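Colleague: Task: produce atomic coordinates for the following.
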Amino acid sequence: MPKKAYHVAGLDLGSYMTRALICRPGEEGKLEVAGFGEAESRGWRKGVIVNLDAAILPLKKAVEQAEAEAHVPIEAAYVGVGGAHIKGVSSRGGLSLGKPNQDTREVTREDVAGVIQTAQAVEFPPDRERLYVEQQEYLVDSQGGCRNPVGMVGARLEVNLHIITASKQAHQNVVTAVNRVGVEVRDTVYEPLASGLACLGSDDRELGVALVDIGAGSTDLIVYSQGSVRYAAAVPVGGDHFTNDVAVGLRTPIPEAEKMKRAWGERDTTKPGFTAIEVPSVGERPMRSVSYAMLTEILEPRAEELMELVRTELERSGYEKQLGAGVVLVGGGAKLGGLAAIAETTLGMPVRVASPRGLGKMGDKLPDTSYTTLVGLIAYGNRLELLRGQDDTSTSWTGRLWRALGGGGD
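Modeller: This next block holds a predicted model:
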C-alpha cells in the first residue's frame, strides 16, 4: 500500500460543457473512475474563453463535484486545449556525426536531444507558442523509418517533427482559469491527441487514421500514419453552428434549438412515427409543429459544409489517400444523427463514431463519445506519471512524450 494514494485528474474545458475526472488504480493496477463532475460552460465562444470570470464558475463546480465523489482534492490535473486557433507545422532538422579523421560514429542520446533542438528552431509569430512536438521518425544517413536511433552508426542524423502550436492568449486563459480554482496544470494536451489515446488502437495509427473531434465551438482533427502524428488542424465550425442554424431557421430560442437538434440527432430513423416536434416561438407567439424533414433541410447542409472543410484539411495534409483505417468521429457533435453517413459520402472513405474505453467503473455515462477527450486526458496523464524518472531516448520532455505516445499500444 503506497504511502500516498495515486490519483490522476483530467479537466476538459469546452464551449458547451466543463468536465472533471479523477481516477485511481483498481484491480490489477488498471485505472478506475473515482470521481466525476460536469457543469454547463459559460464565458466561451468559438472554442476560446472570452469571459474568464464566467468560465471559472462552472469549472469550480465540476471540480468540486469530482472531489466530493472521489473524497480527494484535485491538486494537479492534465488539461485539454483545442479550438480554431490550433495550427500544425512540419519541420526537419539535422546534424553531422562525423569528427576529424572519423567519418562515422554511434548515435548518442545527446545527439538525439541536439537534433530535436535543431528541428524545433522554427520561428513563430509572437502570439504563438508550442503546444506539442511529435518526433515522427529519425533518419541516419538518409535512411528513414527509425524510431530510436541511439546506438546506430552513421555520418548524419536527421529528425522529422510535427509541431502543434496554439494562440498564447487562448492557451494562457485556460491555464489561468484552472489555476484560479486552486489546481496546478501538470500539462496541457491537444484534445484530439488525448481522444486518440482513449479510442484508437496501434493498428489504427499504423494503417493511417484521421480523428475528427467535433466540439461545440470548433472541430479539431489529427492525422496519424505509420504510428505517428502527421498533421493537425482545426476548422471554425462546431455543434453550436448547427444549433444557431435551427434557431434562425425556425425562429426559436437557442436553448430550444439545442433541444431540437439533439432530438433530431437521437431519433430512430428505422421506426415510423414521431415525425414532428413541438417548437416554442420567440416572444408571445404560440408553439407550432415542425417536421423532422424540415429539420433535416436545415441541418444536413451544415453537416455537408463541415465535412467539406474536413476534406479540405485532409487533402492539405497529403495523407488523404493513406488512411487505411478511415476516419473516426468523436466529441458531442459526432452524435448528430446521420453525420457519419454524410461524412462517408463526402470523404469517400469509411467513417465510424468512437467511444472512450480503457478505464474501470466508467458506469453508463462515460462510455459516450462526448467524454472521449476527458478519458484520454487520464490515459495521457497516467502514461507520463509512470514514465517520470525513467530513462529515455532523449533527455528532453519531447522524448518522454514520444515514448509514451508514438510507441504506445492500445
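
Colleague: can we go C-alpha only for contacts and neighbour counts from here?
Modeller: Noted.

Colleague: chain center to stretch 28-39, what's the gap?
Modeller: Put simply, stretch 28-39 sits 19 Å off its chain's centre (C-alpha atoms, centre = their mean, to the nearest Å).

Colleague: go on, stretch 90-103?
Modeller: With C-alpha atoms, centre = their mean, you get 35 Å for stretch 90-103.

Colleague: which residues are contacting that stretch?
Modeller: 104-105, 107, 114-116, 118-120, 122, 154-163, 230-231 (C-alpha atoms under 8 Å, 6 or more residues apart in numbering).

Colleague: and the longest helix along the chain, what does it pack onto?
Modeller: With secondary structure taken from DSSP state H, the chain has its longest helix at helix 292-317. Under the contact definition 3 or more C-alpha pairs under 8 Å, 6 or more residues apart in numbering; DSSP states H and E, helix 292-317 sits against strand 228-235, helix 239-250, helix 254-266, helix 339-347.

Colleague: Next, the residues that contact the first one from outside, please.
Modeller: Spelled out, that is strand 228-235. 83-90, 134-136, 162, 164, 205-206, 218-224, 309-310, 313, 317, 406.

Colleague: Please compute how far that strand lies from its chain's middle.
Modeller: The chain centroid and the centroid of strand 228-235 are separated by 10 Å under C-alpha atoms, centre = their mean.

Colleague: That one - what's its average pLDDT?
Modeller: Across strand 228-235, the average pLDDT comes to 95.

Colleague: Adjacent strands (with direction) for it?
Modeller: Strand pairing for strand 228-235, determined by DSSP bridges: strand 219-225 (antiparallel).

Colleague: I'd like the average pLDDT over the partner strand.
Modeller: Model confidence over strand 219-225, given as mean pLDDT, is 96.

Colleague: Identify the residues contacting it?
Modeller: 82-84, 191-193, 204-214, 229-238, 310, 317, 319, 322-323.

Colleague: Which of those are buried, as a PyMOL select command?
Modeller: Selection command for PyMOL covering only the buried members of those, criterion 16 or more other C-alpha atoms under 10 Å:
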select buried, resi 82+83+84+191+192+193+204+205+206+207+208+209+210+211+212+213+214+229+230+231+232+233+234+235+236+237+238+310+319+323
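
Colleague: can you count the residues close to residue 278?
Modeller: Using other C-alpha atoms under 10 Å, residue 278 has 12 other residues around it.

Colleague: Quick one: residues contacting residue 169.
Modeller: By C-alpha under 8 Å, 6+ apart, the contact set of residue 169 is residue 127.

Colleague: Sticking with it, tell me its helix or strand.
Modeller: Using DSSP states H and E, residue 169 maps to helix 168-180.

Colleague: Kindly format the C-alpha coordinates of whichever helix or strand comes after that helix as CSV.
Modeller: Once helix 168-180 ends, the next helix or strand along the chain (criterion: DSSP H and E) is strand 184-190. C-alpha atoms of strand 184-190 as CSV (Å, rounded to 0.1, in the frame of the first residue of the first chain):
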residue,chain,number,x,y,z
GLU,A,184,-2.0,23.2,-10.8
VAL,A,185,-1.7,22.5,-14.5
ARG,A,186,0.5,19.4,-14.8
ASP,A,187,0.4,19.6,-18.6
THR,A,188,-1.8,21.0,-21.4
VAL,A,189,-2.8,18.4,-24.0
TYR,A,190,-4.1,18.9,-27.6
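
Colleague: I'd like the average pLDDT over the helix or strand following strand 184-190.
Modeller: Using DSSP H and E, the next helix or strand after strand 184-190 towards the C-terminus is helix 191-199. Averaged across helix 191-199, pLDDT comes to 97.

Colleague: Okay, buried residues for stretch 65-72 please.
Modeller: Residues 65-67, 70 are the ones in stretch 65-72 that count as buried (16+ other C-alpha under 10 Å).

Colleague: Could you export those residues as CSV, including distance to residue 244?
Modeller: Converted to CSV, the buried residues of stretch 65-72 look like this (distance: C-alpha to C-alpha, whole Å):
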residue, distance to residue 244
65, 30
66, 31
67, 35
70, 37
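
Colleague: from those, which is closest to residue 329?
Modeller: Nearest to residue 329 among the buried residues of stretch 65-72 is residue 66, at 26.9 Å by C-alpha to C-alpha.

Colleague: May I ask you to confirm that the closest one is in contact with residue 33?
Modeller: No - at 9.9 Å, residue 66 and residue 33 do not qualify as touching, with contact defined as C-alpha atoms under 8 Å.
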